[in-house]
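Asker: this one's sequence-less:
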């Protein structure tokens, strides 16, 4: 029995792991008592309910689930009852545990809606993971009872889901979408709202009730709820640490150099008056040393800033490491001259001590960043970005594989194919999309920052969309996707059937004991039949081969298909919406006040020349958020200046949900606090009836001193200009969204639209 109990406990922990909620639930459930029901007598067996002379036929033998004779009496009644008792007690414990898990999840959903039962509320939850209205809808389903293990008929679940909005938790509406039901393989509906596929359809056909725990596990294990991100390049801590040091260097070294140069100049004046006058060799030597330090600093430091403050030139960890190494040497040489400065009357510690403290902090942060992660890969793809931001970022969002990792296998296992993205190969497998963006200042309020999107692209999903558009609807297998998600949940069907049989046995015991206080022959036979069925289902549930054939067939079909399956295929309501929500969450995390989209007239149209596509304009939009310009066509197709583009439409929808406003704002082409600009002058974008003057210049970089742009233009050509922070030429319009407190405090929903053509794996 102890061995049996250990097995059940291990299985229960595996179940919690499947839900991804962690050990916190185990502690809470362990303190709960089993469900108290009238059928509690089952724990002590059923022997006491029968007369000694009763004949009971068809009771299962203890071995091989076979009868010893056609009408045999119990050969070893104690042995048989003990076996039944063990099986029933094990089932009772397992079902008690499952019910308590659902109890706990129901409370967690009430406390933290749209968080997968609190999973997403954990501090270590990846920022890319959004909430599931479907998960919460399952947990709050009103037509299931604790007494029956939170089970309900498949049709009852289907009727509930197809309503769409199934309820509210506080002010959060629970909208169950066809996309999420399809992506999890829970259910498919036709145009008339008939249940036509998925796990619910299989359960309906097999007349098996469906437990809430099974459905909760299916949602939790969906790839859509197991995403992660990699932020390429350096983290947000580097720029403040670097600028803190650089600002101190500019101020402190300039002050010290002036004092040293004054002393050295006195030498020259003294020698002019008296050639035999004693010279202050120390001052002259320190002046030369400082000249060397400043020359190196402005040469290599300018390159460092251009690499890392906006990526105007190619970022390089190797170059940064060399810069830091050489700068360390120069700073050490400066420190070794401390007594000479003191001798000249320049107190070294009070004058340069703060500089060394800030250098130590800068060194610590930069060394950590150099040793962590991978650098950006596409900062110089100028046709897909706008130069000049204060910081530049490339983030990669991917699906975790079956082991929770980011490489080595597909999202459905080692034996399933992996998609091949066009970008960022070798960084992570199973990529959902990549996103490139920069941080810019808001006009009139330079301390308010905006994450401005350069590019949001899903290589795999967009390739799938193109392939499906080319497919022939008459040839179904070329027109649909194969979705292996939750393919192993055929076994859950057996578990739910097993639960059903157990409750049938309990109900039989309850009704008989209430009526007669004992088993008669007919009741005993019925109990034996149910017990035999219970054992048969238990055997199927534990059989590792159960359902494997279906999975094998699906694997072969999937690997042979021309398209890859990933959740969130739809651009506007799927991966595109996910990307904009992700950008909002990054903004909220990093105290950035807005997100926005670089308009087509600044990037995707202005920079693409003959490669302009109407779909690009319809996706990113212009500065007004629209998908067209007045009387402007592309490739013979007229653009629509009244149509809202895809990504701006997502911002408008989010603004309505989170008490914000999506509108055109103006942002800086480069840092307003750095007045020396390096700009590139271009012809600008001409849309026929509209010409966009603000598109005539692009800022490549900005610096605080004139020496820095002079150095920069030896690396990258451009025109040096001085520009005040209030110069209107410094700013350009973008379509943006204010990040509100609601966005920081409330979770985001993952899905918002009905789904498309996917193969029903539960029909195989």
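Answerer: Noted; the coordinates are in hand. In this text, all values refer to a predicted model and were calculated from it rather than measured experimentally.

Asker: Where do the helices of the stretch 51-200 of the chain begin and end?
Answerer: 77-111, 133-139, 154-161, 178-183, 199-205 (DSSP state H, counting those that start in this stretch).

Asker: any idea which of these is most buried?
Answerer: helix 133-139 (a mean of 28; mean count of other CB atoms under 10 Å). Glycine gets a C-beta too; all of them are placed from N, C-alpha and C.

Asker: contacts for that helix?
Answerer: 102, 105-106, 109, 113-114, 116-117, 160-161, 166-167, 169, 173-177, 180-181, 184, 186, 212, 215-216, 219-220, 225, 749-751 (CB atoms under 8 Å, 6 or more residues apart in numbering).

Asker: Need the buried ones from the residues you listed selected in PyMOL.
Answerer: Only the buried entries of the contacts of helix 133-139 go into this PyMOL selection, using 16 or more other CB atoms under 10 Å:
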select buried, resi 102+105+106+109+113+114+116+117+160+161+166+167+169+174+175+176+177+180+181+184+186+212+215+216+219+220+225+749+750+751
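
Asker: and of the helices of the stretch 51-200 of the chain, who's closest to residue 458?
Answerer: helix 178-183 (14.8 Å; CB to CB).

Asker: and the closest one, what does it pack onto?
Answerer: If contacts are counted by 3 or more CB pairs under 8 Å, 6 or more residues apart in numbering; DSSP states H and E, helix 178-183 sits against helix 133-139, strand 188-189.

Asker: least reliable of the ones you listed going by mean pLDDT?
Answerer: For the helices and strands packed on helix 178-183, mean pLDDT drops lowest on strand 188-189, to a mean of 90.

Asker: Centre-most residue in the chain?
Answerer: Most central in the chain under CA atoms, centre = their mean is residue 128, positioned 1.9 Å from the mean C-alpha point.

Asker: what's the distance between that one and residue 225?
Answerer: Between residue 128 and residue 225 the distance is 10 Å, computed by CB to CB, to the nearest Å.

Asker: Residue 481 contacts residue 562, correct?
Answerer: No - between residue 481 and residue 562 there is no contact under CB atoms under 8 Å: 9.8 Å.

Asker: Neighbour count for those two, which is higher?
Answerer: residue 481 (20 against 13; other CB atoms under 10 Å).

Asker: Model confidence at the more buried one, what's the number?
Answerer: pLDDT, read off for residue 481, is 75.

Asker: Mind putting the helices of the stretch 51-200 of the chain into TSV with distance to residue 191?
Answerer: Listed next are the helices of the stretch 51-200 of the chain as TSV, based on distance: least, CB to CB, whole Å:
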stretch	distance to residue 191
helix 77-111	31
helix 133-139	21
helix 154-161	15
helix 178-183	11
helix 199-205	16
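
Asker: To residue 334, which of the ones you listed lies closest?
Answerer: helix 77-111 (56.8 Å).

Asker: Report the mean confidence score over the closest one.
Answerer: 76.

Asker: now the helices for the stretch 201-350 of the chain?
Answerer: 212-220, 238-273, 281-308, 317-336, 338-343, 348-370.

Asker: next one: the stretch 401-550 of the chain
Answerer: 459-470, 476-479, 490-515, 521-542, 548-560.

Asker: between those helices, which gets the lowest average pLDDT?
Answerer: helix 476-479 (a mean of 47).

Asker: Show me how the record splits this structure into domains.
Answerer: Domain ranges of the chain: 81-111+133-221+489-563, 237-372, 391-458+571-749, per the TED database.

Asker: Do I have it right that residue 704 meets residue 676?
Answerer: Yes - with contact defined as CB under 8 Å, residue 704 and residue 676 form a contacting pair (7.0 Å).

Asker: Counting neighbours, go ahead and name the busier of these two.
Answerer: More neighbours surround residue 676 than the other of residue 704 and residue 676, with 20 against 17 (other CB under 10 Å).

Asker: quick one, what contacts the more buried one?
Answerer: With CB under 8 Å, 6+ apart, residue 676 has these contacts: 702-706, 708-709, 720-722.

Asker: For it, grab phi and psi.
Answerer: phi -90, psi 110 (degrees, to the nearest 10).

Asker: So that it lines up with my notes, have the first residue be 873 from now on.
Answerer: Okay, using 873 as the starting number, the last item reads as residue 1548.

Asker: Show me what it is bridged to.
Answerer: residue 1575, residue 1594 (DSSP bridges).

Asker: averaging pLDDT over each of the domains of the chain, which comes out lowest?
Answerer: domain 953-983+1005-1093+1361-1435 (a mean of 76).

Asker: could you check the distance from residue 1482 over to residue 1599?
Answerer: Counting by CB to CB, the gap from residue 1482 to residue 1599 is 33 Å.

Asker: again with residue 1332
Answerer: 43 Å.

Asker: which of these two has more neighbours?
Answerer: The neighbour comparison of residue 1332 against residue 1599 (other CB under 10 Å) goes to residue 1332, with 23 against 14.

Asker: what's near enough to touch the more buried one?
Answerer: So residue 1332 contacts 1291, 1293, 1303-1304, 1436, 1438 (CB under 8 Å, 6+ apart).

Asker: redo that, cut-off 10 Å
Answerer: 1271, 1290-1294, 1302-1305, 1435-1438, 1441, 1447 (CB atoms under 10 Å, 6 or more residues apart in numbering).

Asker: If you count neighbours, what's buried in the helix or strand where residue 1268 lies?
Answerer: Per DSSP states H and E, residue 1268 falls inside strand 1263-1271. Across strand 1263-1271, burial judged by 16+ other CB under 10 Å covers 1263-1271.

Asker: Same check on stretch 1234-1249?
Answerer: 1234-1235, 1237-1238, 1241-1242, 1246-1249.

Asker: From those residues, pick the one nearest residue 969.
Answerer: After measuring those against residue 969 - CB to CB - the closest member comes out as residue 1246, at 43.0 Å.

Asker: hang on, that closest one is in a strand, isn't it?
Answerer: No - per DSSP: H, G, I helix; E, B strand; the rest coil, residue 1246 lies outside any strand segment and is coil.

Asker: can you pull the pLDDT of it?
Answerer: 89.

Asker: So what's the residue count around the closest residue to it other than its chain neighbours?
Answerer: In this structure, residue 1246 finds its nearest non-sequential neighbour in residue 1104, 5.6 Å apart by CB to CB, 6 or more residues apart in numbering. Here the number of neighbours of residue 1104 (other CB under 10 Å) works out to 20.

Asker: doesn't residue 1241 make contact with residue 1104?
Answerer: No - using CB atoms under 10 Å, residue 1104 is not in contact with residue 1241, being 11.6 Å away.

Asker: What is the nearest of the buried residues of stretch 1234-1249 to residue 1024?
Answerer: residue 1246 (47.9 Å).

Asker: How much space separates the closest one from residue 1179?
Answerer: When residue 1246 is compared with residue 1179 (using CB to CB), they lie 15 Å apart.

Asker: Provide a list of residues in contact with the nearest residue to residue 1113 once chain neighbours are set aside.
Answerer: Nearest residue to residue 1113, sequence neighbours excluded (CB to CB, 6+ apart): residue 1237, at 4.2 Å. Residue 1237 makes contact with 1106-1107, 1109-1114, 1116-1117 under the criterion CB under 10 Å, 6+ apart.
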